[in-house]
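J.: sequence unavailable; structure follows:
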């Protein structure tokens, strides 16, 4: 996949109606923490969560497609209002196609952010293929856009800003954050 010019990237981002995300290495830094009873822990970045909230406020649907299965992912998805969560998915291309069909969204209207080889099929089929700054070189070469931030440390927020800016929605959302309605806004 060839890197896009700034204008071509903006055109692709302007079409996005659904953003699909991998978890380990995208929403997290890719590390898994195991306690003495074998429980796995994952750390999520609040800025990425807020980026997801901004996408949803702008009417852009967000989905999770991940190869692992974890109740922690279900909990984080509930916290962020994400209802399309596919865990334990080996074939992410087919999983993405199912999400798109169910949502009534065409592949060219989808952004997918993944970080490693298992994501390549979904990245190849998305209208906007994105990865994190610390993805392997062979993944970074195969996407339209590489976030300036690493996985689990703001890369999803970077993608949200790219999409919202291209759609002309970023400034309005920022203004709403500066002058929130009574009751304030919750962080992600």
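T.: Perfect, thanks for sending it. Predicted model, so just to flag it, every value in this text is computed and none were measured.
J.: measure residue 104 to residue 93 for me?
T.: Distance, residue 104 to residue 93, by CB to CB, to the nearest Å: 19 Å. Quick note: C-beta positions are derived from backbone N, CA and C, even for glycine.
J.: hmm, I typed the wrong one, I wanted residue 78.
T.: In terms of CB to CB, residue 78 sits 26 Å off from residue 93.
J.: who has more neighbours out of these two?
T.: The neighbour comparison of residue 78 against residue 93 (other CB atoms under 10 Å) goes to residue 93, with 18 against 11.
J.: ok, that one touching residue 124?
T.: Yes: between residue 93 and residue 124 there is a contact under CB atoms under 8 Å: 7.1 Å.
J.: which residue lies nearest the spatial centre of the protein?
T.: The residue lying closest to the centre of the chain (CA atoms, centre = their mean) is residue 21, at 3.7 Å.
J.: my guess is that one meets residue 73, correct?
T.: No: counting by CB under 8 Å, residue 21 stays clear of residue 73, with 10.5 Å between them.
J.: what's downstream of the lowest-mean-pLDDT helix or strand in the chain, the next helix or strand?
T.: Ranked by mean pLDDT, DSSP states H and E, the helix or strand of the chain with the weakest confidence is strand 40-41, at a mean of 84. Sequence order places helix 46-57 as the next helix or strand after strand 40-41, per DSSP states H and E.
J.: tilt between whatever helix or strand comes next after that following helix and helix 46-57?
T.: Remark: after helix 46-57, the chain's next helix or strand is strand 61-65, criterion DSSP H and E. Relative orientation of strand 61-65 versus helix 46-57 (axes from the mean of the first three to the mean of the last three CA atoms, to 10 degrees): 130 degrees.
J.: report the distance from strand 61-65 to the chain centre.
T.: Put simply, strand 61-65 sits 7 Å off its chain's centre (CA atoms, centre = their mean, to the nearest Å).
J.: which parts of this structure are helices?
T.: Using DSSP state H, the helices found in the chain span residues 6-14, 46-57, 71-80, 92-103, 120-125, 137-140, 155-166, 170-178.
J.: residue 86 is nearest to which of these?
T.: Evaluated with CB to CB, these place helix 92-103 nearest to residue 86, the distance being 5.0 Å.
J.: against which helices or strands is the closest one packed?
T.: Helices and strands touching helix 92-103, by 3 or more CB pairs under 8 Å, 6 or more residues apart in numbering; DSSP states H and E, are strand 18-21, strand 61-65, strand 84-86, strand 110-113, helix 120-125.
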